[in-house]
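Visitor: Structure of the sequence below:
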Amino acid sequence: MRILQSKVPAHEYDQTVLFYESILGLERKHAESTDAYHTAVFRFGDKNLWVDRISSLSQAEVWLEIRTVDVERAARYLDECKVSRRDEIERLPEGHKGFWIAGPSNIIHLISEKDE
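Guide: Next comes the predicted model:
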């Protein structure tokens, strides 16, 4: 299983964990860490997403893709959750069914429709 890591400033850590667990519904896994900072681990498809709380960090930056079977439904749900839509981030290819969002710590996510 591959690992994705996100280093998040301490003041945004709780909101970021809540975003992945409660809004996106990712399964939270037990994290065993000997480091001096908090870590939350989520199942992210066939990968693990580690979110590390770093007190000396001013901003986080990781771009991730989330695949869905219904991109329009995902858009409505995320809008209801007041998740920031960020379509200005980067133009998507013609015909691509998807859009950009930002999580609480401004991590950019591409929401894309799964290929059938």
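Visitor: Residue ranges in this protein under the pLDDT threshold?
Guide: Along the chain, the parts satisfying pLDDT under 70 run over 1-3, 32-37, 116.
Visitor: Just grab the bridge partners of the closest residue to residue 114 other than its chain neighbours for me.
Guide: Once flanking residues are discounted, residue 114 sits nearest to residue 67: 4.6 Å by CB to CB, 6 or more residues apart in numbering. Yep, even glycine has a C-beta here, placed from its N, CA and C like the rest. For residue 67, the beta-bridge partners under DSSP bridges are residue 112.
Visitor: I'd like to know how many residues surround residue 67.
Guide: Residue 67 has 14 neighbouring residues, counting by other CB atoms under 10 Å.
Visitor: Show me the helices in this structure, by range?
Guide: 10-18, 71-80 (DSSP state H).
Visitor: and the ones you listed, which is most packed in?
Guide: Among the helices of the chain, helix 10-18 has the highest mean neighbour count (mean count of other CB atoms under 10 Å), at a mean of 17.
Visitor: about what we covered before: doesn't residue 97 make contact with the residue nearest to residue 114?
Guide: No - the pair residue 67 and residue 97 does not pass the contact test of CB atoms under 8 Å, sitting 10.5 Å apart.
Visitor: any residues in contact with both of those two?
Guide: 112, 113 (CB atoms under 8 Å, 6 or more residues apart in numbering).
Visitor: Could you export the helices of the chain as TSV, including distance to residue 93?
Guide: Supplementary listing: these in TSV, determined by distance: least, CB to CB, whole Å:
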stretch	distance to residue 93
helix 10-18	29
helix 71-80	14
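Visitor: Between those helices, which one is closest to residue 52.
Guide: For the helices of the chain, the distance to residue 52 is smallest for helix 10-18, at 8.5 Å, taking CB to CB.
Visitor: Show me what that closest one is packed against.
Guide: strand 47-54 (3 or more CB pairs under 8 Å, 6 or more residues apart in numbering; DSSP states H and E).
Visitor: Report the contact partners of the residue nearest to residue 114.
Guide: 45, 112, 113, 114 are the contacts of residue 67 under CB under 8 Å, 6+ apart.
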